[in-house]
Structures are given as C-alpha cells and as structure tokens.
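> A predicted structure for the sequence below; I have some questions about it.
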Amino acid sequence: MAWRLICDRGRQLWRYFQDEPAVSIDYDEENPNSSDKIYRESAFKQNYKPVYADADQYDKLRIPTFQEELSASVVKSILNAVNYYSALQVEDGHWAGDYGGPMFLLPGAVITSYVTNFQFTEEQKYQLIRYLFNHQLPNGGWGTHIENRSTMFGTVLNYISLRLLGVPFTNERLQKAHHFIQSEGGAMYAPSWAKFWLCVLGVMPWEGVNSLFPELWLLPEWLPVHPSRYWCHCRMVYVPMSYVYAEKIVGEITPLVRELRKELYVEKYESIDFTKHRNSISALDLYYPQTVLLKILNFCTNTYETVHIRQLRDKAREFLISYIEAEDEHTNYVNIGPVNKFINMLSIWYAKGRDSKQFHQHLARVDDYLWLSEDGMKIQGYNGSQLWDTAFSIQAILETGLGHLYNKCLSSAYYYLDISQVLEDVKDHVKFYRHISKGGWPFSTRDHGWPITDCTAEGIKATLLLHEQMSISPHRISSDRLEDAVNFLLSIQNKDGGWATYELQRSTAWIELLNPAEVFQGIMVDYSYTECTSACVQALWKFREQSYFANHRRKEIDGAIQRGIEFIKGKQRPDGSWYGSWAVCFTYGTWFAIEALITVGESPKSKSIQSAVQFLLSKQNADGGWGESYLSCVHKTYVPHKHSQVVNTAWAVLSLILAKADASAIRRGVQFLLKKQCANGDWNQEAISGVFNGNCMISYTNYRNIFPIWALGRYIKYECNHS
Ligand code: LAN
C-alpha cells in the first residue's frame, strides 16, 4: 500500500511510500460517513489472527453451553466481532480510527499553509482535494459537517480551500460552488469564524469583523466576563484569534487572492462596505443568533477599536503571545484542538518568524491531525480519540467474559493506558488558568496532555477492571497513580454535583449571551454533563470497591458519588430520557445515566429507571433496533432516524439489560445486532455518532464495533444468570 499509518505512543501519522502499490479506494457516495476502509483493510490483512472461530469449540471457552439458539449465535457473533476488532489495534495498544466529521477545520489548515508558505506534499494535496470533492453536495455547497445540508460556513471556506489547493475557477464543480455562494449573497454572509479566515487571507478587510477586543484579557480576573472563565475550547480559540486581530495579520496579496476577491462577492470588492456586513449571516447558518447584549458590547468594542490605547494594546498583545507559547509548550505543539492549532501556528509565524524553532515545532505536528480514509484526507476534530476508544474497547471486551482469549490484545491496551496517563501538572498552570493535570487521562495522547473528567474516569475503570480480571503483574499503573486519578476527579467536581469536561465550571449560563460564534451553542461555559458525571460516579464507585483503597479519601468519595447521582437524577426529562451532549443522543445520555444509577445500587424498579425504560421501549422500531437522527442533538428533542442504527441499538440494549426490562424487547434488540453483523465480524458504518456544541457532528468510527460487542457481551452474562 502506498499510504500507511505509522504510530508512535498514540501519535498517528499517515505516510506515503512511493515504491509501494497504490491503495485501491472505493468510496461509497451513498453514505458521507467513511467506513475507514484504508486503515481497516490493511490492519485486518496484517493482524487478523482469529481465536476459536470454530463454533463447535464453545466448551473450551469456559462458558456454559447454551441450550438456547440465540445465545449460541451470540457467542459466535462475539468471537467473530472481537477477532475482527482486535486486528484493528495498533502495536502501541491503542485503537486507531477516523475522527473526522466537521467540515470547517481543513480550511484553517489550508489557509495557514498558504499564508505562512508551508507545503502539504503533492500526495496529501491530492487526497485533500478528493475529500472536499467527495463531500460536495448536489447544490454545489458544503455543510458544517459531513451529514449537514449546505451552509455558508462550509461552502465559503471549502471553496477557498480548493482554490488554494490549486483547483482552477473554471473547474465545473467549483463553478457550482461559486454559483451557490453568489446566490446566497456572497461571502459576507458567512459566520464570524469564517470571516476571521477571510481577513487572514486578505479576501476581506479586518473592518469586516466585530472587534475581538484583545484588552478583554487585561480586565480584573474577578469579573464574570473575564475570558479565563470561558470553556477551555472557546478560550484557547479566542486567545490566538485576538492576537491575530490585534496584529491585523494578513497574508500576501497574491494574484490568486485578488481573483478570490472577485469570485467570493456579488458586487465589486472595492465597492463593498464591509463594516455594514459585520453582522450579516445567512439564515442557513444561524443556530445561535447574536443577542442584543452582544450587539451592544460589539458596538462599544468596535468604537474603542477606532481609538484604542497603544500601551494597553501592547500589554494585551504581549500577554496573548505568551499564552500562545505556553499552550504550545504544554501540548508539545499539538494544541488543544484543530482550531487553535492553526491559529497558534499563524501567530507564531508572525511573531517569531518563518525560520524560528517554534514555527518548525508547529510544522512537525501538523500531520498529527490528518487522517486518510476512502473519502480522502481530512483534518480531524482532535489529534485522534486514542485513549477514549481504548478504554471503551477494554471494557467492551471484558464484558463478554472472554477476555482470557484476548490476553495479548488486552495487555497491549493496558500498556496504552499506562503511557497515556498524565503524570504532572503543566508549567505555570495557575498563571495560564489551567486546572491541575496530575493523574488525569486525556482523550487522545499524553503529548496532547489536556486531561478530561470522563476520559480519566474511563481510564480508571479500564485499569481497575484489567487489574481485577487479568493476571497483570506487576501493576505498571501503580496505586499511587490511581489515587492521583481519583484526586483529579475529586478536585474537579462542580458545586451542582456534576462534572464538566476539562475544568470546573467557572461562570454561569448567562455568559452564553456573549457567545459570538453564531453556529455553536454552549461554547462559553464548561457545564456539568450527564455523561461526564456518570463516568466519574462509576469510576469513583469502582475505586471505592477495592479494599486496597479503603483509606483513600473515603468520606469525600462517598459524598462525591452521592452528589453526582443527585445531579444525574435532576437531569432526567419528564419523558424518562436524558439528553446526550457528546453523541447522538437520547439513547446515549440515557445509557450513561442508567449505568451510573444501577452501579450505585438504584433499584431497577425505581420510578426513575422505570420511566427511562418506558422511554426506550417506546422508541424501539419494528425491526428490533433503535435509530436516532443527529437532529435530536440539534433540536434537543428525539428525532428518529430513517433506519435503525447498531450504535443506538447497542446503547438501548445495554441500558435495558441493566434495568431488567422486558426480555423480549432485549432479545429483539440483540437479534437486530446479529442480523446487521458482516461476515468478517465488522458492522457497516451507518450514520454519524458524535456531536459537539449542539450543532456539529463528529465521527466515532470504532463505536460500530465497541458498542455492539459490549451489548452482546452483556447479553451473554444476562442469559447465564437466567439459565
Ligand atoms: C470532544 C471530544 C471528546 C469529548 C468527550 C470526552 C467524548 C466528552 O464526553 C466530553 C467532551 C469532549 C472532550 C469533546 C468536547 C468538544 C471537542 C473538543 C470534541 C468533540 C472533539 C472536538 C471538539 C472541539 C470543540 C472542536 C473544535 C470546535 C470548537 C467549537 C472550538
């Protein structure tokens, strides 16, 4: 294969090898979600070593022989599934997979490469172009994510990307996209995060955006609007954005940039009054409109911008660049996400120069965000989902009771848990508004290093399960390290009893009124979430069960669990469901909630569990499955998908078994999972599973294996208890 994934301690790099035969790429246009064929087919070829694939050998499996036909086929299916899925594991122990989905990230990389003059290789460019063409919609536009309808956010940015990647204006597909932009009134109707990039490229003057008010950082920290209180993803994006704004960075005005100025607007570029269009935004994009309060504040900061005070600006600029440098160092130039990665890189290019060591360190970490699938090469939503997928995979495989057959796979996964836990706080963490990190697990890699509440929780759960169920000795993840992980969780529980994502909740919901990104919701505050809270409660409970840790902060742990459970109960909706903020959607949130409640001993007969069961049963389809549309997340009300989905079905089955619900509903769910399994043990990629900020979807490719395995595994246990 010409393209190969090379991994090192979780770091994933797609490399092109000239003298190897090219990959055959067959993209299924019906489903915008890639099946991740390129990675999966080569990993499968290389690693597939099935154990006990022969159905007659059940007796060797130390599990009872089943009378019932369904159970026998479930065992067969599990073996087939784990045999397949374990072949996808990388040597360093993690599971790799496509973490694409958002369609507004690649343009940040391409525009930064154009302005700072770094080159993607020819092979990369070819694949980036393929990706963009593959995701172009029939009306010529692109959505904000791969399942979305066309938006100006997606279309303007991806149109520009294709032009910068060398596709000529006369190209038929670009003509269609051009037509779309023109018919929607031109690029000034794109949202503010797109306008930012237009200004950087020089196809919009900086007067076209509202002030990013760099001096905001100089206000006293106790003020509720101080940006140190924003959700870290929002904060870490607005830090370099404000720096770039303070410097009014614009790339070289090349002939191509001049052409784009003509192509992107309906009127002549020179005749447009861009100040008037600061708040213009297409109805296609509007999800969280600017509030009156924000408009008033924008008026003030825009006015201030015309007279701003030099000394204050210098002070703000200095602080911002020091913050950018700190984030770069803390994350080994990976940065918290793909948005600030490229804005930080641009800032460093400007402040330190093209030849600076820092710029080169940034360059070395660009490829960490790239992923190649059959639909082409994309910028992922993060530098991967390594730890998250691995911690879940461990739990899913152990749930089947067949862990002993997959010893090598599980010890290798344990190794990944070991090398990805964060062992120290970052330098100057107080100065740069970072919570402690010691003991936490990140979502991806240790190099990235931002620990997350629920990733830490899943890390603890997976570690303790492996310690319990596998003969791992000596424990490389020491008791001290597990205590640190628990300390991290205890340090980060909110006053409302819940857990947020990366930090304590630092502000109240009213600050959402200042959210300037018209396309996302809930980016200003790190709120407590049902999923994060459930994971933390489960982890603390698991930790508490180990007699070895009986003396470690027992009282605090008990209190934390109690308050966490109260929080979760308070989030239940009148219809019995829980909203899921990070995956699609009510089946996900409800699964997390039930898992936590049952773990701590809530009776399945309780009102809360019973109404959740009623909710789930009411959504089961005639084919036995469950299917939820991503629109559930957007509209915050259950929207069924046209087809049942294996991932939603698995969450529902996991929940119903715990809740001791009606056996026939469970069996029908299980039968649906069996029916959908492919001959090689995989399941087909269906609709997109992940979401963030209400409105943008993100792919969790391994969910189609993890959750069916987990659910079938739980079903086998359940049958054992019944027979
Ligand atoms: C993620 C990925 C992981 C995810 C879980 C751990 C699964 C979740 O339980 C908590 C939230 C979290 C950490 C999460 C938050 C939002 C992220 C970081 C992402 C979905 C990955 C990409 C997304 C990020 C915000 C994308 C960039 C867009 C901006 C609006 C800045």
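In hand now; what should we look at?
> Burial check on the nearest residue to Leu218 once chain neighbours are set aside, number of neighbours?
Of all residues not flanking Leu218 in the chain, Ala316 sits nearest, at 5.7 Å (CB to CB, 6 or more residues apart in numbering). Just so you know, the C-beta spots here come from the backbone N, C-alpha and C atoms, and that holds for glycine as well. The tally of other residues near Ala316 (other CB atoms under 10 Å) stands at 21.
> Name all residues that make contact with Thr116.
Gly251, Met345, Leu346, Trp349, Arg354, Phe359 (CB atoms under 8 Å, 6 or more residues apart in numbering).
> Using ChimeraX, define a selection of the buried residues within those.
For the buried members of the contacts of Thr116, the matching ChimeraX selection, counting by 16 or more other CB atoms under 10 Å, is:
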select :251,345,346,349,359
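> re the thing from before, and the gap between the residue nearest to Leu218 and Ile657?
Ala316 sits 55 Å away from Ile657, going by CB to CB, to the nearest Å.
> Tell me if I'm right that Gly576 and Lys619 touch.
No: if you go by CB atoms under 8 Å, Gly576 and Lys619 don't touch, sitting 10.5 Å apart.
> between those two, which one's more packed in?
Between Gly576 and Lys619, Gly576 has the larger neighbour count (other CB under 10 Å), namely 21 against 18.
> So which residues on the stretch 351-500 of the chain come close to the ligand?
Residues of the stretch 351-500 of the chain lying near the ligand by CB under 6 Å from any ligand atom: Gly381, Tyr382, Trp388, Phe443, Ile452, Asp454, Cys455.
> Secondary structure element holding the third one?
Under the criterion DSSP states H and E, the helix or strand holding Trp388 is helix 386-399.
> What helices and strands are in contact with that helix?
Applying 3 or more CB pairs under 8 Å, 6 or more residues apart in numbering; DSSP states H and E, one finds that helix 386-399 makes contact with helix 69-86, helix 407-420, helix 453-469, helix 703-722.
> Would you format the ones you listed as TSV with mean neighbour count and mean pLDDT included?
Converted to TSV, the helices and strands packed on helix 386-399 look like this (neighbours: other CB atoms under 10 Å; pLDDT from 0 to 100):
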stretch	mean neighbour count	mean pLDDT
helix 69-86	21	92
helix 407-420	20	97
helix 453-469	24	97
helix 703-722	22	92
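> Can you redo these as a markdown table, where the extra columns are distance to Lys636?
Output for the helices and strands packed on helix 386-399, formatted as a markdown table (distance: least, CB to CB, whole Å):
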| stretch | distance to Lys636 |
| --- | --- |
| helix 69-86 | 33 |
| helix 407-420 | 33 |
| helix 453-469 | 21 |
| helix 703-722 | 21 |
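> so how many other residues sit close to the residue in the stretch 301-450 of the chain positioned nearest to the ligand?
In the stretch 301-450 of the chain, the residue that lies nearest the ligand is Gly381 (3.9 Å; CB to the nearest ligand atom). Neighbourhood size, Gly381 [other CB under 10 Å]: 25.
> Renumber starting at 8 from here on
Understood, numbering begins at 8; the last thing we discussed is Gly388.
> ok, now how distant is it from Gln553?
35 Å.
> same question, Ser651
39 Å.
> Helices of the stretch 558-707 of the chain, start to end?
In the stretch 558-707 of the chain, the helices defined using DSSP state H, counting those that start in this stretch lie at 561-577, 593-606, 614-625, 638-642, 653-665, 670-683.
> List just the one of these that sits closest to the ligand.
Judging those by CB to the nearest ligand atom, what sits closest to the ligand is helix 593-606, at 9.0 Å.
> List of residues touching stretch 244-258?
With contact meaning CB under 8 Å, 6+ apart, stretch 244-258 is reached by 118, 121-123, 203, 206-209, 213, 216, 218-221, 223-224, 234, 237, 264, 320, 323-324, 327-328, 330-331, 334, 344, 346-347, 350-351, 353-354, 357-358.
> in that stretch, what counts as buried?
Applying a neighbour-count criterion of 16+ other CB under 10 Å, one finds 244-254, 256-258 buried in stretch 244-258.
> Please name the nearest non-neighbouring residue to the residue in the stretch 458-607 of the chain positioned nearest to the ligand.
Nearest residue of the stretch 458-607 of the chain to the ligand: Trp589, at 3.9 Å (CB to the nearest ligand atom). Excluding its sequence neighbours, the residue lying closest to Trp589 (CB to CB, 6+ apart) is Glu538, at 5.7 Å.
> Check which helices and strands the helix or strand where Ile328 lies is in contact with.
Secondary structure assignment for Ile328, by DSSP H and E: helix 317-337. If contacts are counted by 3+ CB pairs under 8 Å, 6+ apart, helix 317-337 sits against helix 239-254, helix 345-359, helix 364-370.
> at 6 Å instead, please
Other elements packing on helix 317-337 under the criterion 3 or more CB pairs under 6 Å, 6 or more residues apart in numbering; DSSP states H and E are helix 239-254, helix 345-359.
> list the contacts for Gln512?
Contacts were defined as CB atoms under 6 Å, 6 or more residues apart in numbering; by that measure Gln512 touches Asn501, Asp533.
> Look at it and tell me its secondary structure.
coil (DSSP: H, G, I helix; E, B strand; the rest coil).
> Name the residues of the strand or helix carrying Asn305 that come out as buried.
For Asn305, the host element (DSSP H and E) is helix 299-314. Neighbour-count burial for helix 299-314 flags Leu301, Leu304, Asn305, Thr308, Asn309, Glu312 (criterion: 16+ other CB under 10 Å).
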